[in-house]
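Peer 1: please find the sequence and the predicted model below.
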Amino acid sequence: MRIAIGQLWQETNTFNPLPTTRESFNQFGVLRGGQLVEQMADTNELGGFIQSLRAWPERPEIVGTVRLPAWPSGAVTVDTFDWLLAEFVESLQRAMPVDGILLALHGAMVADRHPDIEGELLAAARRIAGRTPIVATLDLHANITRAMVDHADALVLFHTAPHIDVFETGQRGARLLRRMLIDGAKPTTAFEKLPMVAPAERANTQDPASVSYGLRERLQALERQSEVLAAGLATVQPWLDIPELGSSVVVVTDNRPDLAGTACRQVATELWRRRRDYLPELTPLAEAVAAARRETSGLVVLSDSADSTTSGAPGDSTWVLAELLKYDWPRPALVPLVSPQVVEAAAKAGMGGMLKTSLGGVRDRRFSRPIDIEATVERLFDARFTISGHLARNLAVDLGRSAVLRRGNVCMLLTSQSGPHFAPEFFQAAGFDPFAASVLVAKSPCGFRAAYQSRAAKIMVVQAPGCAPADFWKYDYRNIPRPLWPWDEMERWQPSTG
Ligand SMILES: [Zn+2]
């Protein structure tokens, strides 16, 4: 028995003007064939696939196709899309014949002129595979489309946000494939697309006070039923100005369309009914920083959610930094920024040197602006580390040459590449204990909570401009379907599954 595995991973943000290119994928780490199986054996969904497959009594041969990952950023260029599709198609053709295909997808990747990359990719896979089972995993922020549902045998979604079940979702996907191949399960999918987009900030599936907590429990209870193969919902990546934007519920049963339809309809109705519980609670920036300064008992985490690098924002917004610089801090105030130019200038000035420079506000000029700073170059380092927790299990990350600039206790952690500018491992790589800081700026809307919720004295989501704003419906979208909540207030919505 031969099982092919592969990955295409990126969350696109169409407000970010920086295009995602072939170079973005190569920089993050393209892997092919046996190298993929070897290097990803304990990492994320691919690791979940590999470890599950290795535990099957049938001992299938695991055939690596290709891993194509890029850090969240702006839309993929058309040339890059063509390259991705060709890489994917050729590697799958080489792998054939196989008995089953497991694909780890994000589900919210958008290219210029191709708003549904995963749908096109799954259609291509279906053309190659014929009736061979295809099971795909998706992020909870996937924009699930009819094409994706139609061309896969089953879609398996993360249950958690922060995403702490990435590896386990891979295992669930592999288990589902085994039920098809060994037990003869016949997947039948019910799919509801809702005219709503839920903000991420309060969608914490681990917080009993969040609406997402109960929905997660409900989906997991469904999956414990023997006839249900998978149950998931996707509240969607909001910063996609595309025609098919919307939240989704997917329930896959073993040949029980009635059960799939009923369960899908019930979860979708509950998601719709509770939609207003997702509306974010934002603290005005000046108020948040003043409150952080008053806090003396421990770490304050400020979520700069609008510039979240995990949401595909550019990561060089200066609004929060400018406010932090107005105060003296008793312990370090840690502010990450993506700024290859200033890293280079810092390297020239050398460790201990003084640097007078313009910082930030260049990767996106609509929602941010540069500020002038004078600071000491405290440290030069290579930001290479491995993250586990939100988004990852044992995921190697390389943010390139990096520098720490210091002015008073405000420490600017500058990297050459965008990445997880919230992860404790990142702050540690820069030489800091994030939990001992006065303030830490997390460029993340919700995922950061996995690491900080239990250890921070106070957490605030600040209101500042950016490419990934929490109040996105106040921004200019031109291509989304209307009516769509919260852009449009609607009371009624009817599920389509019967
Ligand atoms: Zn996500």
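Peer 2: Ah, there it is.

Peer 1: walk me through the domains of the chain.
Peer 2: Listed domain ranges for the chain are 2-278, 283-470 (source: automatic domain parsing).

Peer 1: P486 is nearest to which of those?
Peer 2: P486 sits nearest to domain 2-278 of all these, at 7.3 Å, using C-beta to C-beta. Heads up, the C-betas are built off the backbone N, CA and C, glycines and all.

Peer 1: relative to L279, how far out is the closest residue to the ion within the stretch 201-350 of the chain?
Peer 2: In the stretch 201-350 of the chain, the residue that lies nearest the ion is Q237 (6.9 Å; C-beta to the ion). Shown here: Q237 relative to L279, a distance of 17 Å by C-beta to C-beta, to the nearest Å.

Peer 1: and the two? Which one has more around it.
Peer 2: Neighbour totals were compared for Q237 and L279, and Q237 leads with 27 against 15 (other C-beta atoms under 10 Å).

Peer 1: shouldn't the more buried one be within a strand?
Peer 2: No: counting by DSSP: H, G, I helix; E, B strand; the rest coil, Q237 is located in no strand; its state is coil.

Peer 1: pretty sure it contacts T14?
Peer 2: No: with contact defined as C-beta atoms under 8 Å, Q237 does not reach T14; the gap is 9.6 Å.

Peer 1: low pLDDT regions in the chain?
Peer 2: Counting by pLDDT under 70, the chain shows low-confidence ranges at 497-498.

Peer 1: looking at it, which strand is longest?
Peer 2: In the chain, with assignment by DSSP state E, the single longest strand is strand 371-389.

Peer 1: so in that sheet, which strands flank that one, and in what orientation?
Peer 2: Looking at strand 371-389 with DSSP bridges, its partner strands are strand 354-359 (antiparallel), strand 392-407 (antiparallel).

Peer 1: tell me the contacts of R363?
Peer 2: 16-18, 314-316, 338 (C-beta atoms under 8 Å, 6 or more residues apart in numbering).

Peer 1: can you tell me how far it is from Q266?
Peer 2: Distance of R363 to Q266, given as C-beta to C-beta: 43 Å.

Peer 1: and what of H106?
Peer 2: According to C-beta to C-beta, H106 stands 27 Å off from Q266.

Peer 1: more neighbours, those two?
Peer 2: A count of neighbours by other C-beta under 10 Å puts H106 above the other of H106 and Q266, at 25 against 16.

Peer 1: pretty sure that one contacts L138?
Peer 2: Yes: using C-beta under 8 Å, H106 is in contact with L138, at 6.9 Å.

Peer 1: now do the shared contacts for those two.
Peer 2: Common neighbours of H106 and L138 (C-beta under 8 Å, 6+ apart) are E118.

Peer 1: phi, psi of G6?
Peer 2: Dihedral angles of G6 (phi, psi; degrees, to the nearest 10) stand at phi -160, psi 170.

Peer 1: now do the contacts for the residue nearest to it when sequence neighbours are not counted.
Peer 2: The shortest distance from G6 to any non-neighbouring residue, by C-beta to C-beta, 6 or more residues apart in numbering, is to T65 (3.7 Å). T65 sits next to 4-6, 32-33, 36, 88, 91-92, 94-95 when contact means C-beta under 8 Å, 6+ apart.

Peer 1: buried subset of the residues you listed as a ChimeraX selection?
Peer 2: Applying 16 or more other C-beta atoms under 10 Å to the contacts of T65, the buried members can be selected in ChimeraX as follows:
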select :4,5,6,36,88,91,92,95
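
Peer 1: related to what we said a few turns ago, can you redo the domains of the chain as TSV with distance to R482?
Peer 2: Listed next are the domains of the chain as TSV, based on distance: least, C-beta to C-beta, whole Å:
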stretch	distance to R482
domain 2-278	8
domain 283-470	19
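
Peer 1: what's the closest of the ones you listed to M490?
Peer 2: domain 2-278 (7.0 Å).

Peer 1: next, count neighbours for S297.
Peer 2: Neighbour count of S297, defined by other C-beta under 10 Å: 7.

Peer 1: wait, doesn't it sit right on S438?
Peer 2: No: in this structure, S297 is not within contact of S438 by C-beta under 8 Å, at 11.0 Å.

Peer 1: re earlier: buried only: go through the contacts of R363 for me.
Peer 2: 16, 18, 314-316, 338.

Peer 1: so which of those residues sit within helices?
Peer 2: For those, not one is inside helices, with DSSP state H as the criterion.

Peer 1: between those, which is closest to D183?
Peer 2: Nearest member of the buried ones among the contacts of R363 to D183, counting by C-beta to C-beta, is N16, at 44.1 Å.

Peer 1: for V110, give its distance to the ion.
Peer 2: For V110, the distance to the ion equals 14 Å [C-beta to the ion, to the nearest Å].

Peer 1: not counting its neighbours along the chain, what's nearest that residue?
Peer 2: T12 is the one closest to V110 (C-beta to C-beta, 6+ apart), at 4.2 Å.

Peer 1: mind listing what that neighbour touches?
Peer 2: By C-beta under 8 Å, 6+ apart, T12 lies in contact with 20, 72-76, 108-111, 237, 240, 312.

Peer 1: so of the residues you listed, which ones are in helices?
Peer 2: Short answer: the contacts of T12 have none in helices (DSSP H).

Peer 1: which residues in the protein form helices?
Peer 2: 22-28, 33-39, 44-55, 78-95, 117-129, 146-151, 166-181, 211-224, 257-273, 285-294, 319-324, 340-349, 424-429, 449-452.

Peer 1: export those to JSON lines and tack on distance to E489?
Peer 2: Compiled in JSON lines, those are given as follows (distance: least, C-beta to C-beta, whole Å):
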{"stretch": "helix 22-28", "distance to E489": "38"}
{"stretch": "helix 33-39", "distance to E489": "47"}
{"stretch": "helix 44-55", "distance to E489": "37"}
{"stretch": "helix 78-95", "distance to E489": "36"}
{"stretch": "helix 117-129", "distance to E489": "30"}
{"stretch": "helix 146-151", "distance to E489": "26"}
{"stretch": "helix 166-181", "distance to E489": "34"}
{"stretch": "helix 211-224", "distance to E489": "18"}
{"stretch": "helix 257-273", "distance to E489": "13"}
{"stretch": "helix 285-294", "distance to E489": "28"}
{"stretch": "helix 319-324", "distance to E489": "29"}
{"stretch": "helix 340-349", "distance to E489": "43"}
{"stretch": "helix 424-429", "distance to E489": "40"}
{"stretch": "helix 449-452", "distance to E489": "29"}
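
Peer 1: adding distance to the ion, write these out as TSV.
Peer 2: Shown next, in TSV, are the helices of the chain (distance: least, C-beta to the ion, whole Å):
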stretch	distance to the ion
helix 22-28	16
helix 33-39	22
helix 44-55	13
helix 78-95	20
helix 117-129	14
helix 146-151	16
helix 166-181	10
helix 211-224	12
helix 257-273	16
helix 285-294	24
helix 319-324	22
helix 340-349	26
helix 424-429	18
helix 449-452	12
